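>>> Generate coordinates for the sequence data below:
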Amino acid sequence: MEDLNRRTLLKILGTAPVVAGVALTEAEAQQAHAHAQAAQSAARRTGTAYKPKFFTQHEYATVRVLADMIIPKDERSGSATDAGVPEFIDFIVDEQTQRQVPMRGGLAWLDQDSL
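Numbering: from 1, shown residues only. Got it, this is the predicted structure:
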């Protein structure tokens, strides 16, 4: 069996029917991408860190670590954080209230289970 790296595994998981329930429409993805890019540009321009709209500072730090664990920086590309994935997630969860309880609950579970 072929060795699977994180990126290959994510591509496979992305095609699973289970993911369809949490998938974004193309318009939602484009809006969130634009928001993430604007947030990164503003942070660079002003020299200040992005301030999450939904997550607490602790939750946002956890999201950043998790995103970079899934998509780490490698010799070909930057990390998830470099690409604005945490800002993207913050925007989506802030805009789509049905995602808030599962996201916050999952992060709380992770904190509790990590003690």
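
>>> Give me the three-state assignment for Thr81.
Of the three states, Thr81 takes coil according to DSSP: H, G, I helix; E, B strand; the rest coil.

>>> Helix or strand, whichever it is, which one in the chain has the lowest mean pLDDT?
Sorting the helices and strands of the chain by mean pLDDT, DSSP states H and E puts helix 17-20 at the bottom, at a mean of 38.

>>> which strands and helices sit next to the longest helix seen in the chain?
Assignment by DSSP state H gives helix 26-46 as the longest helix of the chain. Applying 3 or more C-beta pairs under 8 Å, 6 or more residues apart in numbering; DSSP states H and E, one finds that helix 26-46 contacts helix 85-95. The way it works is simple: take the backbone N, C-alpha and C, and place the C-beta from them, glycine included.

>>> hang on, the earlier thing: can you pull the buried residues of the longest helix of the chain?
Residues of helix 26-46 classed as buried by neighbour count (16 or more other C-beta atoms under 10 Å): Gln31, Ala32, His33, His35, Ala36, Ala39, Gln40.

>>> Grab the CA positions of that helix and hand them over as PDB.
Taking Å, rounded to 0.1, in the frame of the first residue of the first chain, the C-alpha atoms of helix 26-46 are listed here in PDB:
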ATOM      1  CA  GLU A  26     -18.400  28.100  -3.900                       C
ATOM      2  CA  ALA A  27     -19.800  31.600  -3.000                       C
ATOM      3  CA  GLU A  28     -19.200  31.000   0.700                       C
ATOM      4  CA  ALA A  29     -15.700  29.800   0.100                       C
ATOM      5  CA  GLN A  30     -14.900  32.700  -2.100                       C
ATOM      6  CA  GLN A  31     -16.300  35.200   0.500                       C
ATOM      7  CA  ALA A  32     -14.300  33.600   3.300                       C
ATOM      8  CA  HIS A  33     -11.100  33.500   1.200                       C
ATOM      9  CA  ALA A  34     -11.500  37.200   0.400                       C
ATOM     10  CA  HIS A  35     -12.000  38.000   4.100                       C
ATOM     11  CA  ALA A  36      -9.000  35.900   5.100                       C
ATOM     12  CA  GLN A  37      -6.800  37.700   2.500                       C
ATOM     13  CA  ALA A  38      -8.100  41.100   3.500                       C
ATOM     14  CA  ALA A  39      -7.400  40.300   7.200                       C
ATOM     15  CA  GLN A  40      -3.900  39.200   6.500                       C
ATOM     16  CA  SER A  41      -3.200  42.300   4.400                       C
ATOM     17  CA  ALA A  42      -4.600  44.600   7.100                       C
ATOM     18  CA  ALA A  43      -2.500  42.800   9.800                       C
ATOM     19  CA  ARG A  44       0.700  43.200   7.700                       C
ATOM     20  CA  ARG A  45      -0.100  46.900   6.800                       C
ATOM     21  CA  THR A  46      -0.800  47.900  10.400                       C
END
